[in-house]
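# Sequence first, then the predicted structure:
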Amino acid sequence: MVSKHRNETIRKRHRFEEKTGWEDINDPVRDRASHKVRALVASAIVFVISLFYLDHIYQIQINDHELYTTRAEDNRIRVRPIEPIRGNILDRNGTILAESFDTFDIVAKKEKIVSEENFITNAKKVFKFEKLEVDRLKKEFKNKKLKEITLQRNTSMEEFTKLSVDQYLLPEMELIVKSNRRYVFPESTSHVLGYTGKLSENDFDSTVEIKEGMTSVGKIGVERFYQNLLSGSPGFEKLETNANNEIIRVLEKKSATRGSDVYLTIDIGLQNYTYELLKGQRGSIIVMNPHNGDILSFVSHPGYDINLFARGISSKDYKKLLQDKANPLFNRALIGQYPPGSTIKPFFGIVALEDGIIDKSKVFACTGAYKLENYKRPFKCWKKDGHMDVNLSSAVASSCDVFFYRLAEVSGIDMIHEKLQKFGFGEKTYIDLYGEKTGLLPSREWKNQSRQTAWYPGETLNVGIGQGYFLATPLQLANATSLLASGGSSVTPHLFLRSIDRVNNEVSNFNYSDNKNEIEIDTESLHVVNEAMWRVIYDKNIGTASHIKKIDSLEFAGKTGTAQVYNLDKGKTGKKSLQDHALFISFAPFESPEVVVSVIVDNGGSGSAVAAPIARDIINFYFENIKSKVAMQ
């Protein structure tokens, strides 16, 4: 029985081995061969991986040794720029107008910021930033040329201590010393000096030189034009740091070079006086030496506090300036373009005499209006009853429109456009400020290109009295008047007097010898017109400004102008913004001119009633308080 059971077990085992190949699995020869193959494959894999790592180690330690050494050095050594002290700006007498002082800013180096999004989120929490400030941060991030983000300017140590409580949210922020700007007469000099501001993307595409380490730059005005003189050269400190970026020691230091001081032709006493004369009004005043181009006063009113921009103006303050109806940010003296009105008549008179269109005795009858053929509407004179028979001298003195209507018709627009160019109309004066406007001296070609229409005879008559398309800047009017005062010596108006490099004690003066060009003006024609301008003040019978108070022991010449803003044919208006502009150009003394004064009062009304008295006061102030100081320089 046992034997039978055993045999059955053996048979089952044989059948199982036949199905599973048990005898193959336990084959020792095949097992050894299989293990050998797997060992070879594993060895090959290990060998290949080893070669890869050996090659990588070779690249790092041999081929790229210098690269990684530099990177390690960069992690250990940090270069910190030293911003230079900006040079001072002073008036011609050495009175400081703009100076630099140290302040503290809270910044964050871009290289330390891991996540822009997290940084901005945390900055909003710590500094309570609003949308405008957040937008500013984003712009600074996008500007790849900026190496740091400014979180807060002009920070006291007390403020920074309070903010440091939240430094765990912004470990990147640090307090650094910055040079800031202070303007001593911020409103009266605002449109001359301009201001400095934080470096932006646009500054790198400009004509000014942006040096490594600079964080602020002149934005407009003298600060912008003389940026390269004022800025100096940055220095640097090479610092050794530890793993926590803490400074261990200073390895190398190069001091920053201070910027040069710039002296202007402006007399600050005269500047402040002329600025106050426009109080409560909008307008501009230029006071200029006709013989050398020195600008003694350059006023655009109202001005604004340029210290707000130097400190970093808030969005609230900036919005307030933009919404101010008086438009204080608008530089009227440089970019304001006005119809010159009757102030153009002396210049038109000269070119008409020179071209033989009239002579000094030629008389036209003024009945209060001028009829142009094929025009239904007559061209009216400002004096309804007319001036009767007038020659050029009396026409300038009384500002007769009809005389110049007739003169314009006879001359034609082509002659007017060509000849008035020599007085600088329609062109920049090239004063040392950026952004100057050219005004507009209209012509057939200009109208055809800009308006795609022909020139009409009636438009020539409007140009003849300084109206219509004709536009001039206050600076152009002063520059043109200087030609009358100097007898034809053309000078470029300028604000730069000299610069002083305090490091090397080097002085660079304005080159007056290159600032003169003779313009051909007929002497007799000039005499006729200048005498007519004298009559404007002193001829009691016809002079349009003969009513103003005179200056003791001094006579001056001038020309009134009233530039029409609103078409009177539409009816009278009491709206201030539609009232005429008041203009007055002048030079003094009459016999030997030393100074030119140009005044424009926006919507001031009559030039004789508003602008002329202002010019008279300026001339009086100049000869009582300023002339002696200018003569000594």
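Nice, thanks for sending it over.
# what packs against the top strand by length along the chain?
Longest strand of the chain, by residue count under DSSP state E: strand 96-109. Applying 3 or more C-beta pairs under 8 Å, 6 or more residues apart in numbering; DSSP states H and E, one finds that strand 96-109 makes contact with strand 89-90, strand 148-152, helix 157-163, strand 173-183. (Each C-beta comes from the backbone N, C-alpha and C, glycine too.)
# deepest of these, which one?
strand 89-90 (a mean of 24; mean count of other C-beta atoms under 10 Å).
# next one: that one to chain centre, how far?
18 Å (C-alpha atoms, centre = their mean, to the nearest Å).
# Model confidence for Ile25, exactly?
Note for Ile25: predicted pLDDT of 50.
# Tell me who's in contact with the residue lying closest to Asn327 once chain neighbours are set aside.
In space, Asn327 comes closest to Arg282 once its chain neighbours are excluded; the distance is 7.5 Å by C-beta to C-beta, 6 or more residues apart in numbering. Residues counted as contacts of Arg282 (C-beta atoms under 8 Å, 6 or more residues apart in numbering) are His301, Pro302, Ala326, Asn327, Arg332, Val601, Asp602, Asn603.
# So how do I select the buried members of the residues you listed in PyMOL?
Command for PyMOL that selects the buried part of those, burial taken from 16 or more other C-beta atoms under 10 Å:
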select buried, resi 301+302+327+332+601+602+603
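# Tabulate the contacts of Arg282 in TSV, adding columns for distance to Phe52 and pLDDT.
Output for those, formatted as TSV (distance: C-beta to C-beta, whole Å; pLDDT from 0 to 100):
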residue	distance to Phe52	pLDDT
His301	77	98
Pro302	75	98
Ala326	75	95
Asn327	71	96
Arg332	74	97
Val601	84	97
Asp602	79	95
Asn603	83	94
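# Out of the contacts of Arg282, which sit inside helices?
Per DSSP state H, helices hold the following members of the contacts of Arg282: Arg332.
# Identify, from the contacts of Arg282, the entry nearest to Glu140.
For those, the residue nearest Glu140 by C-beta to C-beta is Asn327; the value is 29.1 Å.
# so what pLDDT did Asn75 get?
Confidence score, pLDDT, at Asn75: 56.
# What of Asp205?
Listed pLDDT for Asp205 reads 68.
# again with Ile268
At Ile268, pLDDT is 98.
# Quick one: residues contacting it.
Asp91, Asn93, Thr95, Leu97, Phe185, Thr189.
# Next, give phi and psi for the residue nearest to Asn327.
phi -110, psi 130 (degrees, to the nearest 10).
# Need the helices and strands packed on strand 96-109 in CSV (columns: distance to His527 and mean pLDDT).
Formatted as CSV, these follow (distance: least, C-beta to C-beta, whole Å; pLDDT from 0 to 100):
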stretch, distance to His527, mean pLDDT
strand 89-90, 40, 98
strand 148-152, 62, 83
helix 157-163, 68, 76
strand 173-183, 45, 83
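# where does the protein have low pLDDT?
Counting by pLDDT under 70, the chain contains low-confidence ranges at 1-7, 9-10, 12-35, 55-56, 58-76, 145, 205-206, 243-247, 566-577, 631-633.
# Make a ChimeraX selection of whichever of the contacts of Ile268 turn out to be buried.
A single ChimeraX command suffices to select whichever of the contacts of Ile268 are buried according to 16+ other C-beta under 10 Å:
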select :91,97,185,189
